[in-house]
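Visitor: Build the 3D model from these lines:
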Amino acid sequence: MASPTSTPLDLEITVVSAKHLKNVNWRNGDLKPYATVYLDPGHRLATRSDDSGSTRPVWNERFTLPLTRPLCDSLLTLEIFHSRPSETPKPLVGALQVPLGNLVGDSNESTRPIHTLELCRPSGRPQGKVRLKLALRERRAPPPDYHIAPRNSHFYSSAPQCSTGHYSLPPSRPFLNRASSSVGPVAPAGPSAPVDFSSSNDHNPPSAQPYLASNYSPPGGPSAPIDFTRYDHESVARDRDGYRYGSYRRDY
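Guide: Predicted coordinates:
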C-alpha cells in the first residue's frame with residue numbers, strides 16, 4: 001500500500017444517507033440532521049442539513065480529504081448533529097470512528113463499494129446506521145507556475161509610443177500669405193517671418209540731396225556757379241505758398 005510519504009493520496013468520501021437515527025429533538029419536532037467527516041480534527045467538512053428526512057436523511061454529498069498520515073495510522077471520524085442546537089441541549093445524534101485501512105483497498109481499484117457503518121450514541125450504545133462510499137486517489141500535481149517576465153526586463157520591452165513628430169504636416173500658412181489678386185504686400189514665406197503691412201513706397205526714404213527743378217537754370221548760364229542760398233529761400237517760399245489748410249488737417 002502506498003504511503004503519503006512516497007505518493008500523496010487523497011480520500012474521496014461520499015456521505016450517502018443514514019437511517020434509524022435517534023430524534024434528539026423529539027420535544028420540539030422533527031430531526032434536522034447534518035453530518036461532519038474528518039481525518040484531522042483541524043480540517044472538518046460538513047454536509048447540508050436535511051430538514052425533511054428526519055431520522056432517515058439523504059445527503060449524497062462528496063468530499064475530498066488529504067491523507068496527512070500513513071494509511072494504517074489514519075482514523076476516519078463521522079458525526080451527525082441536529083442542525084438547531086438551540087432546540088436541544090444535546091445536539092449530537094451519533095458518531096463513528098474507524099481505521100481507514102479497514103475500509104479502503106488499493107488506490108488503483110475502480111469500484112467504490114458502499115460501506116454501511118453503525119453509529120453510536122454518546123453513551124456508547126449503538127443506534128443508527130450510515131452509508132458511505134470511499135476511495136483513495138493520487139493527489140493531482142499543481143499546475144506549473146509560469147512566471148511572467150517583468151515589463152522592463154531584458155526579454156521584454158513595451159512597444160514604443162506612437163509619435164507623429166517626424167511625420168507632422170507643415171504649419172498652415174497665414175491668410176495674407178495666400179495668392180490673391182488684391183493689391184497689397186505679400187508676407188514672406190515661413191511661419192516665423194513677420195507680416196509687413198506697410199506700403200512698398202515707405203521703403204524708399206526721401207533723398208537727402210536738395211531738390212533741383214528740371215527747368216531751373218541759374219543766372220548767368222549753365223556754366224555759372226549755382227547760388228544755393230538763393231535756391232533755399234525760393235524753395236521755402238514756394239513750399240509755404242503751396243501748403244494748403246486741408247493738408248494741415250490731414251497731417252494733424
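
Visitor: Next, count neighbours for Glu79.
Guide: With neighbours defined by other CB atoms under 10 Å, the count for Glu79 comes to 18. Just so you know, the C-beta spots here come from the backbone N, C-alpha and C atoms, and that holds for glycine as well.

Visitor: Just confirm it contacts Gln97, I think it does.
Guide: No. The pair Glu79 / Gln97 is not scored as a contact, 9.2 Å apart, by CB atoms under 8 Å.

Visitor: count of neighbours near Arg48?
Guide: Using other CB under 10 Å, Arg48 has 11 neighbouring residues.

Visitor: With Ala18 instead?
Guide: By the criterion of other CB under 10 Å, Ala18 has 27 neighbours.

Visitor: still on that earlier bit, so what's in contact with Glu79 and Gln97 at the same time?
Guide: Common neighbours of Glu79 and Gln97 are not found (criterion: CB atoms under 8 Å, 6 or more residues apart in numbering).

Visitor: Quick one: the helices in this protein, in order.
Guide: Taking DSSP state H as the criterion, the chain contains helices spanning 228-242, 245-251.

Visitor: If I average pLDDT within each of those helices, which one is lowest?
Guide: Mean pLDDT is lowest for helix 245-251 among the helices of the chain, at a mean of 48.

Visitor: The residue nearest to Pro122 when sequence neighbours are not counted: what's it in contact with?
Guide: Distances taken as CB to CB, 6 or more residues apart in numbering place Leu92 nearest to Pro122, at 5.6 Å, with adjacent residues excluded. When contacts are counted by CB under 8 Å, 6+ apart, Leu92 touches Val24, Glu79, Ile80, Phe81, Pro122.

Visitor: make it 7 Å
Guide: By CB atoms under 7 Å, 6 or more residues apart in numbering, Leu92 lies in contact with Glu79, Phe81, Pro122.

Visitor: ditto for Gly101
Guide: Leu71, Cys72.

Visitor: please redo it, this time with the cut-off set to 10 Å
Guide: By CB atoms under 10 Å, 6 or more residues apart in numbering, the contact list for Gly101 reads Met1, Pro70, Leu71, Cys72, Asp73, Ser74, Leu75, Leu76.

Visitor: And for the residue nearest to Leu76 when sequence neighbours are not counted, the neighbour number?
Guide: Once flanking residues are discounted, Leu76 sits nearest to Leu100: 5.0 Å by CB to CB, 6+ apart. Counted with other CB under 10 Å, residues neighbouring Leu100 total 21.

Visitor: Check what pLDDT Leu100 gets.
Guide: Reading off the model, Leu100 has pLDDT 91.

Visitor: Now do the contacts for it.
Guide: The contact partners of Leu100, by CB under 10 Å, 6+ apart, come to 11, 13, 39, 65, 67, 69-76, 134, 136.

Visitor: what does Leu39 give?
Guide: Counting by CB under 10 Å, 6+ apart, Leu39 touches Leu11, Ile13, Leu65, Pro66, Leu67, Thr68, Arg69, Ser74, Leu75, Leu76, Thr77, Leu100.

Visitor: do the same with Val24
Guide: By CB under 10 Å, 6+ apart, the contact set of Val24 is 31, 33, 80-82, 85, 87-94, 121-122.

Visitor: pLDDT averaged over stretch 17-29, what's the number?
Guide: Averaged over stretch 17-29, pLDDT sits at 94.

Visitor: Can you give me the end-to-end span of that stretch?
Guide: Start-to-end span of stretch 17-29 (CA to CA, to the nearest Å) is 21 Å.

Visitor: circling back to that earlier point, so which of the contacts of Gly101 sit within strands?
Guide: Assignment to strands by DSSP state E places the following of the contacts of Gly101 there: Leu75, Leu76.
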